[in-house]
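In: Got a sequence here, can you model it:
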Amino acid sequence: MAISAAQLPDKHGDYGTIAALRNRWWIVAASVIGLAVGQGTIELYCFGVFLKPLGDDIGLTRGTLSSGLLMASVITALATPIVGLLIDRYGCRTVMLPGIAAFALAIAARSTMQSSPLPLVYVLFSLSGVFGAVQTPIIYAAIVCKWFDRERGLALGLAMAGTGLGVIVVPQIVNFFIHAAGWRSAYLFLGAVIFACAFLPVALFVREPSASDRAQSDIPGNAANLLGSTIAEAVTRSWRFWSLGLAFLVGGIAIFGTLVHAVAILADRGIAANAAVAALSVAGVAMIVGRVASGCCLDRFHGPYVAIASFLVPMAGIALLASGISGLAPFIGILLCGTGMGAQIGLQPFFASRYFGLKSIGAISGAMFSLFLIGTGVGPYISGVCFDIWHSYVPALVFYVIALGIGSVLFVPLGPYPFSAVRGQRRSFTEQRAKQS
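Out: Predicted structure coming up:
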């Protein structure tokens, strides 16, 4: 993307290099790297790798540890809309950089966990829940949405693929560290990796579009007069917000209730720990495929149709896991869950931008994502309690299949986008507001 004369460096600068580094696709690349060690990868997928060795060492049940994860997820859910609002008001770097550093320290502090006193365990999970809000996909997605319009689905799909990359790589490395040096050293390692892979790319590349950037991009409006609803209008006046939020809440419960316990589910069936962790990494590959594919589809097809497909795919995968069929079936089930999960993360900011505009994209998408985050905590907790009571995950899995079927129906009545992509000549602010009404 070209840059204005005001953005060019002085006589000591390298014009070509600066222009290349200011290309908006670098923001997508930084998002990929940052989300590889994002809240989802660290809190949810790595949690499944820590679950058995951590519980065996300090004597806490899976249900108790899952309740700590639930607490962290609920706190992140409450904090994410606030972080989104702060980013809308003060800009991304001011909020994200100190938050990422604090999140890295909070994860490293889990290396001090003991079974007693139990409240200390919850305090450590709570701290990572507060600061993990800056490392949720929705925060990066809100920034990407401000830079892209016609290619928004593709840009979001690529950016959100970072979590899939993290699921492929990070649990494998964590598993190696746990076996080589213990789970405490693995948590210290995670803290260092978060700082290196999230703080530095954000500091170097992630930024809000300037007036000049916006004038030369395909984003309608301007930084001072973005189009769309406020967070208050979306929450209090739009049934679409609650329909989308409820659907993604159900999706979070079902898919994360399955994937967070996937390693334990496979291990309980006699599958070796290394093979179980490898299956989770395969889910990461499927997540990348799901995110990029859904992003491309969102630029070509009506979003609710893509969303329904993203629910039916993991529904089939969880049904395979619940069936108890051996062989490749459980691995295929996890693969399908990963594909559906990959699609769903990118759908949330896309729908927020198309149904509510960019005026309060950070706050609205953050509020919507907070409902999803509650689901990511509730689901693993349901699975953990189910196992503690029945020594089986099957009742929970059956519940998840039914829930996904109900959730897919919530996308049917959404209708056309009030803020569809600009094709050709840019629409005026008055035209957009009239269409919104």
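
In: Okay, now the unreliable bits of the stretch 301-437 of the chain?
Out: Low-confidence segments of the stretch 301-437 of the chain (pLDDT under 70): 421-437.

In: Might you report the residue contacts of A102?
Out: The contact partners of A102, by CB atoms under 8 Å, 6 or more residues apart in numbering, come to V130, F131. Backbone N, C-alpha and C define where each C-beta goes, glycine included.

In: Quick check: buried residues in stretch 192-206?
Out: Within stretch 192-206, the residues that count as buried by 16 or more other CB atoms under 10 Å are V193, I194, F195, C197, A198, F199, P201, V202, F205, V206.

In: Among those residues, which has the minimum pLDDT value?
Out: pLDDT across those is lowest for V206, at 86.

In: That residue contacts G91, correct?
Out: No - V206 sits out of contact with G91 when judged by CB atoms under 8 Å, with a separation of 10.0 Å.

In: Mind listing what's buried along the helix or strand containing G295?
Out: If you go by DSSP states H and E, G295 is part of helix 273-298. Using 16+ other CB under 10 Å as the test for burial, helix 273-298 gives 273, 276-298.

In: Who are the packing partners of the following helix or strand past that helix?
Out: Following helix 273-298 in sequence order, the next helix or strand is helix 303-323 (DSSP H and E). Applying 3 or more CB pairs under 8 Å, 6 or more residues apart in numbering; DSSP states H and E, one finds that helix 303-323 contacts helix 239-259, helix 273-298, helix 329-356, helix 394-409.

In: Then V412 would be within a strand, right?
Out: No - counting by DSSP: H, G, I helix; E, B strand; the rest coil, V412 is not part of a strand but coil.

In: Could I get the phi/psi values of it?
Out: phi -60, psi -40 (degrees, to the nearest 10).

In: neighbours of it, just the number please.
Out: For V412, the neighbour count with other CB atoms under 10 Å is 12.

In: Now do the contacts for the nearest residue to it once chain neighbours are set aside.
Out: Leaving aside its sequence neighbours, V412 sits nearest to P304 (CB to CB, 6 or more residues apart in numbering; 6.7 Å). Counting by CB under 8 Å, 6+ apart, P304 touches F411, V412, L414.

In: For these, please prepare CSV with the additional fields distance to F311.
Out: Formatted as CSV, those follow (distance: CB to CB, whole Å):
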residue, distance to F311
F411, 8
V412, 11
L414, 14
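
In: ok, T41 touching I33?
Out: No - under the criterion of CB under 8 Å, T41 makes no contact with I33, lying 11.7 Å away.

In: quick one, which of the two is more surrounded?
Out: Higher neighbour count among T41 and I33: T41, with 27 against 19, using other CB under 10 Å.

In: is it true that V277 touches F176?
Out: No - using CB under 8 Å, V277 makes no contact with F176, being 9.4 Å away.

In: mind checking how far the residue nearest in space to the middle of the chain is from R291?
Out: Residue closest to the average C-alpha location in the chain (CA atoms, centre = their mean): P137, at 3.7 Å. According to CB to CB, to the nearest Å, P137 stands 9 Å off from R291.

In: Common neighbours of these two, please.
Out: When contacts are counted by CB under 8 Å, 6+ apart, P137 and R291 are jointly contacted by M160, T163, I345.

In: who wins for neighbours among the residues you listed?
Out: Top of the shared contacts of P137 and R291 by neighbour count (other CB under 10 Å): M160, with 36 neighbours.

In: quick one, what contacts that residue?
Out: Contact partners of M160, counting by CB under 8 Å, 6+ apart, are S31, L35, P137, Y140, A141, R291, G295, G342, I345, G346.

In: So for the one helix or strand the first one maps to, what gets flagged as buried?
Out: Just to be clear, that refers to S31. S31 belongs to helix 25-36 when assigned by DSSP H and E. Of all the residues in helix 25-36, those buried under the rule 16+ other CB under 10 Å are W26, I27, V28, A30, S31, V32, I33, G34, L35, A36.

In: What is the burial count for A367?
Out: A count of neighbours around A367, defined by other CB under 10 Å, yields 23.

In: Test my guess that it contacts T236.
Out: No - between A367 and T236 there is no contact, the gap being 11.4 Å when judged by CB under 8 Å.

In: Could you double-check that A142 sits in contact with P349?
Out: Yes - at 6.2 Å, A142 counts as touching P349 under the criterion of CB under 8 Å.

In: Mind listing the shared neighbours of the two?
Out: Contact criterion CB under 8 Å, 6+ apart; residues shared by A142 and P349: I361, S365.

In: Let me have the helices and strands packed on helix 303-323 in a markdown table, adding distance to S111 as columns.
Out: Shown next, in a markdown table, are these (distance: least, CB to CB, whole Å):
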| stretch | distance to S111 |
| --- | --- |
| helix 239-259 | 24 |
| helix 273-298 | 20 |
| helix 329-356 | 28 |
| helix 394-409 | 30 |
